[in-house]
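Asks: this one's structure only:
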């Protein structure tokens, strides 16, 4: 098989979900929309995704790397920072970074900074993302809580009483 016949490198559906969740987490963390656009492998032979923040109309793009996100048929990941983006809309954005796929063994992912420099290489996508994004809840799921709540309702103090600490079961115990 020649190089021109090799299949393109593409993200798995789980990797795409993780990248979309990362854009959503960044939007929440930064307090402004973070867009993640997936670029097709057709031209380069590998998919890559770019993370960027739309520029404010009053923002001076002088000292930042500006990229255009969107356009006809653009594949945006995640919830688009809450923006309502129509097909064909293009936004000037500040580039945060990009992640490209690689066929260099054992490297699958390469992180590229806003100046185009390769800054990280790994076989595990989560290692080069700024957050550990998981679908698990923040508080432990304890089925015994329902039984305990029922027992408290019958003969104990009301947990919903004013001044009660609803997070007390999740706080670390201390000696004093």
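Replies: The structure has been received and is ready for your questions. What you see is a predicted model, and the numbers here were worked out from it, not measured in a lab. Numbers count the residues shown, from 1 in each chain.
Asks: which residues touch residue 83?
Replies: 33, 35, 54 (Cβ atoms under 8 Å, 6 or more residues apart in numbering). In short, each C-beta sits where N, CA and C put it, glycine included.
Asks: what do you get if the cut-off is 7 Å, keeping everything else the same?
Replies: Remark: with contacts taken as Cβ atoms under 7 Å, 6 or more residues apart in numbering, residue 83 is in contact with residue 33.
Asks: same check on residue 101?
Replies: Contacts here follow Cβ under 7 Å, 6+ apart; on that basis residue 101 touches 9, 11, 46-48, 108-109.
Asks: same thing but at 10 Å, please
Replies: Contacts of residue 101 were listed using Cβ atoms under 10 Å, 6 or more residues apart in numbering, and they are 8-11, 15, 41, 44-49, 107-110, 125.
Asks: out of these, list just those in strands.
Replies: For the contacts of residue 101, membership in strands holds for 48-49, 109-110, with DSSP state E as the criterion.
Asks: can you show me the helices along the protein?
Replies: In the chain, the segments counted as helices under DSSP state H are 13-30, 41-44, 144-155.
Asks: generate JSON lines for the ones in strands among the contacts of residue 101, with distance to residue 26, neighbour count and pLDDT as supplementary columns.
Replies: Formatted as JSON lines, those follow (distance: Cβ to Cβ, whole Å; neighbours: other Cβ atoms under 10 Å; pLDDT from 0 to 100):
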{"residue": "48", "distance to residue 26": "17", "neighbour count": "20", "pLDDT": "97"}
{"residue": "49", "distance to residue 26": "12", "neighbour count": "23", "pLDDT": "98"}
{"residue": "109", "distance to residue 26": "17", "neighbour count": "21", "pLDDT": "97"}
{"residue": "110", "distance to residue 26": "19", "neighbour count": "19", "pLDDT": "97"}
